[in-house]
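A.B. asks: Predicted model, plus sequence, below.
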Amino acid sequence: MKAGFKVIALASVLLVFAFALLHSGSSVSAASTGQITGTVKLDGTAPHQKTIDMAKEPSCAALHKDKPATTENVVVGPNGGLANVVVYISQGLTGNEAAVSSQPAQLEQKGCQYFPHVLVVDAGQHVKIVNADQTSHNIYPQPTKNAAWNKSQPPGAQPLDATWNNEEIAIPVKCNVHPWMHAYIAVVKGPYGESDDSGAFKLDNVPPGTYTLTAWQETYGTQTQNVTVAAGKPATVSFTFKAK
């Protein structure tokens with residue numbers, strides 16, 4: 001009988017110890033990653049963005065009557081911040097950081113434009129492609145490292161579901177029906193960020209280590225910098241592209 005009590009007591013102690021160890025491990029894990037923050041600027045005068053003539057598609061032209069649509073290959077904020085720049089880790093990852101978001105990303109066709117102009121997704125993440133217009137579109141991604149396809153989407157159709165499994169930065173997307181429609185899909189593996197109108201970007205959940213950080217912009221190409229990330233501490237990086 002006493003032996004039975006000893007076994008039960010020992011099992012209880014081991015259970016409590018295991019629970020404490022598990023709780024401690026999850027706390028350490030949550031605090032073991034770092035963050036990379038920074039800005040992307042344009043040095044010089046931003047190029048003039050051309051107005052898009054949508055007269056051949058009246059339903060879309062009507063949506064832009066108060067503010068004509070323009071090209072978006074270089075979008076600069078009032079303080080010189082460069083938007084739509086994809087910032088990702090190009091070297092230094094071990095391969096265990098490539099968690100795929102369970103939430104689908106969305107690429108919307110509205111007013112005969114793609115929103116967002118640059119979409120960043122995880123490799124293998126589902127992308128929902130929506131036609132919000134009253135006209136048909138033709139979605140034509142042109143990858144070099146992923147399978148190519150070309151699909152039509154009439155107004156009112158169900159969203160298309162697409163995935164790209166190989167890292168590729170970035171895949172140009174066009175519409176054969178409306179030649180002015182252009183977008184890019186950047187497929188990454190690992191933490192990434194994308195600059196906003198102020199040029200700011202952020203990469204979360206970066207394991208401690210030294211990495212090569214790459215910034216990609218559709219007109220100006222790429223720049224790289226080395227950065228060291230410590231656990232629980234943000235690292236700061238800035239990129240500056242020279243205007244052409």
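C.D. replies: All right, it came through fine. Numbering: from 1, shown residues only.
A.B. asks: got the contact list for Leu213?
C.D. replies: 36, 87-90, 224-227, 237 (C-beta atoms under 8 Å, 6 or more residues apart in numbering). C-beta: built from backbone N, CA, C; applies to glycine.
A.B. asks: So, low pLDDT: which residues of this structure?
C.D. replies: Residue ranges of the chain with pLDDT under 70: 1-31, 96-98.
A.B. asks: domain ranges for it?
C.D. replies: 1-31, 35-97+191-244, 100-189 (automatic domain parsing).
A.B. asks: What's the end-to-end length of the second one?
C.D. replies: The first and final residues of domain 35-97+191-244 sit 32 Å from each other (C-alpha to C-alpha, to the nearest Å).
A.B. asks: Go ahead and flag the most central residue of the protein.
C.D. replies: In the chain, the centroid-proximal residue (C-alpha atoms, centre = their mean) is Val120; its distance is 2.4 Å.
A.B. asks: Tell me the secondary structure at it.
C.D. replies: Counting by DSSP: H, G, I helix; E, B strand; the rest coil, the backbone at Val120 sits in strand.
A.B. asks: and if you look at Ala61?
C.D. replies: helix.
A.B. asks: residues in contact with it?
C.D. replies: Contacts for Ala61 (C-beta under 8 Å, 6+ apart) come out as 54-55.
A.B. asks: Who are the packing partners of the one helix or strand Thr236 maps to?
C.D. replies: In the assignment (DSSP states H and E), Thr236 maps to strand 234-242. Counting contacts by 3 or more C-beta pairs under 8 Å, 6 or more residues apart in numbering; DSSP states H and E, strand 234-242 is packed against strand 34-43, strand 209-217, strand 221-229.
A.B. asks: again, only using 10 Å
C.D. replies: In terms of contacts (3 or more C-beta pairs under 10 Å, 6 or more residues apart in numbering; DSSP states H and E), strand 234-242 is packed against strand 34-43, strand 200-206, strand 209-217, strand 221-229.
A.B. asks: Relative to Val118, how far out is Thr219?
C.D. replies: To Val118, Thr219 is 12 Å away according to C-beta to C-beta, to the nearest Å.
A.B. asks: Same question for Pro47.
C.D. replies: For Pro47 relative to Val118 (C-beta to C-beta), the value is 17 Å.
A.B. asks: same check, this time on Glu194
C.D. replies: Look at Glu194 and Val118: by C-beta to C-beta, they are 7 Å apart.
A.B. asks: so what sits against both of these two?
C.D. replies: By C-beta atoms under 10 Å, 6 or more residues apart in numbering, Glu194 and Val118 have these common neighbours: 83-86, 186, 216.
A.B. asks: any idea which of those is closest to Ala132?
C.D. replies: Comparing the shared contacts of Glu194 and Val118 against Ala132 with C-beta to C-beta places Asn84 closest, at 20.5 Å.
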